[in-house]
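> For reference, the sequence and a predicted model appear below.
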Amino acid sequence: MLLTFPFIANLGVTMAEENMPDFSDVNAGSSSTAERIYEVKAGDTLSKIAKQEYGDANAYMVIFEANKDILKNPNLIHPGQKLKIPPK
């Protein structure tokens, strides 16, 4: 439901438009602060996933630390597991 008010009617602005935040300077693309989910495939290792996600295979411990609730050993992952990938 959009409400118009006489004091702003001549501006052609509705109450809903007036209260909208300005996102005109936001760039498209993925957020660098959002955690992603990666589904493990056959042949994956945490190092391979880290190389793909971060460009650095040695960053595998970042993924391991974020997934300690489901991983007990960084060398033991299984196809189908859904891993949290923290932002870079």
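Looks like it came in fine.
> Outside of stretch 46-53 itself, list whatever touches it.
Under the criterion Cβ atoms under 8 Å, 6 or more residues apart in numbering, residues 36, 38, 40, 56-64, 74-75, 77, 83, 85, 88 lie in contact with stretch 46-53. Glycine gets a C-beta too; all of them are placed from N, C-alpha and C.
> Please enumerate the strands of this structure.
36-39, 82-85 (DSSP state E).
> Turn these into a markdown table, columns for distance to Pro21 and mean pLDDT.
Shown next, in a markdown table, are the strands of the chain (distance: least, Cβ to Cβ, whole Å; pLDDT from 0 to 100):
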| stretch | distance to Pro21 | mean pLDDT |
| --- | --- | --- |
| strand 36-39 | 25 | 97 |
| strand 82-85 | 28 | 98 |
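> now, of the ones you listed, which is deepest in the fold?
Among the strands of the chain, strand 82-85 has the highest mean neighbour count (mean count of other Cβ atoms under 10 Å), at a mean of 16.
> Run through the neighbouring helices and strands of it.
strand 36-39, helix 46-54, helix 60-66 (3 or more Cβ pairs under 8 Å, 6 or more residues apart in numbering; DSSP states H and E).
> Neighbouring strands of it in the sheet, and parallel or not?
Sheet pairing of strand 82-85 (DSSP bridges) gives strand 36-39 (antiparallel).
> Not counting the partner strand itself, show me its contacts.
So strand 36-39 is contacted by Ile49, Glu53, Gly80, Gln81, Lys82, Leu83, Lys84, Ile85 (Cβ under 8 Å, 6+ apart).
> In these, find the pair that's most separated.
Between any two of those, the greatest separation by Cβ to Cβ is 18.2 Å, found for Glu53 and Gly80.
> With neighbour numbers in mind, choose between the two.
Glu53 (19 against 9; other Cβ atoms under 10 Å).
> Check the gap between the more buried one and Glu65 for me.
14 Å (Cβ to Cβ, to the nearest Å).
> try Ala34
18 Å.
> Compare the two (neighbour count), which wins?
Glu65 (12 against 9).
> Phe64: neighbour count?
Phe64: 18 neighbours (other Cβ under 10 Å).
> my read: it touches Pro74, true?
Yes. Proximity of Phe64 to Pro74 meets the contact threshold set by Cβ atoms under 8 Å, at 4.2 Å.
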